[in-house]
Each structure stands twice: as structure tokens, then as C-alpha cells.
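1. fold the following, please.
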Amino acid sequence: MSIDTETARRVAKLARIAVPEEELPALAGEFNAILGFIEQLGEVDVEGVEPMVSVTPQRLPRRDDVVTDGDQQARVLANAPDAREGFFAVPKVVE
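-> Numbers count the residues shown, from 1 in each chain. A predicted model of the protein is given here:
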């Protein structure tokens, strides 16, 4: 796939990037270099290679997924400008 200056202009407009007219050919060249690299990656034989997220096979420690109320109501409400009956108090905005 090859990117011409018109396509580079359209991509720059879609990305909301102001590119001067004289820099569009260089931008198109950069896009073509990126696409060429992606095509090279597509040629790599990955048959039989397991997907991985890290180069070292390790499992991260995890905590139990337990639902709690946090038990920090007093600490949270300490930051409130106005707290009443255990809740944030806000001005009425609906008549």
C-alpha cells in the first residue's frame, strides 16, 4: 500500500494536525515507511508461538475479589464541606 500526498493531507485533517503544504510529501514518506514496517511484521512466521504478555512466565499476586463497603465513611466525609447524617449534603438544584 502506498500513501500519496492527498491521502496524507486527509489523514492530517482527520487527526486535526496542521501540516504545511510543503511538508505533505515528507509526511507521506513517513506513512509509507511505517506501512512498510508493518508489512515486514506480517511476513514473520509465528506458527506455533504462544501469545504472551511478558518475557518471563510468572503469575502476578492477586487478592480475593471481595465486595466490602470500604469501612471508611468517616474519613471520606471528613473532606466534605457539608455532611449530614452520614452523607454529602449538596444544594437543591431541581425545583
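
2. mind listing what the residue most central in space within the chain touches?
-> The residue lying closest to the centre of the chain (CA atoms, centre = their mean) is Ala15, at 15.8 Å. By CB atoms under 8 Å, 6 or more residues apart in numbering, the contact set of Ala15 is empty. Every C-beta, even on glycine, is put in place using the N, C-alpha and C of the backbone.

3. need phi/psi at it.
-> phi -80, psi 0 (degrees, to the nearest 10).

4. can you pull out the strands in the chain?
-> 83-84, 87-88 (DSSP state E).

5. nearest to Pro57, of those?
-> Among the strands of the chain, strand 87-88 comes nearest to Pro57, with 46.7 Å by CB to CB.

6. what mean pLDDT would you report for the closest one?
-> Strand 87-88 comes out with an average pLDDT of 92.

7. and stretch 36-47, by the same measure?
-> 92.

8. pull out the buried positions in that stretch.
-> Buried residues in stretch 36-47, counted by 16 or more other CB atoms under 10 Å: none are found.

9. would you turn the strands of the chain into TSV with mean neighbour count and distance to Ala26?
-> Shown next, in TSV, are the strands of the chain (neighbours: other CB atoms under 10 Å; distance: least, CB to CB, whole Å):
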stretch	mean neighbour count	distance to Ala26
strand 83-84	12	59
strand 87-88	12	55
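
10. scan this protein for its longest helix.
-> helix 24-42 (DSSP state H).

11. now Glu15: how far from Arg9?
-> Just so we're on the same page, residue 15 is Ala rather than Glu. Using CB to CB, to the nearest Å, Ala15 is found at 11 Å from Arg9.
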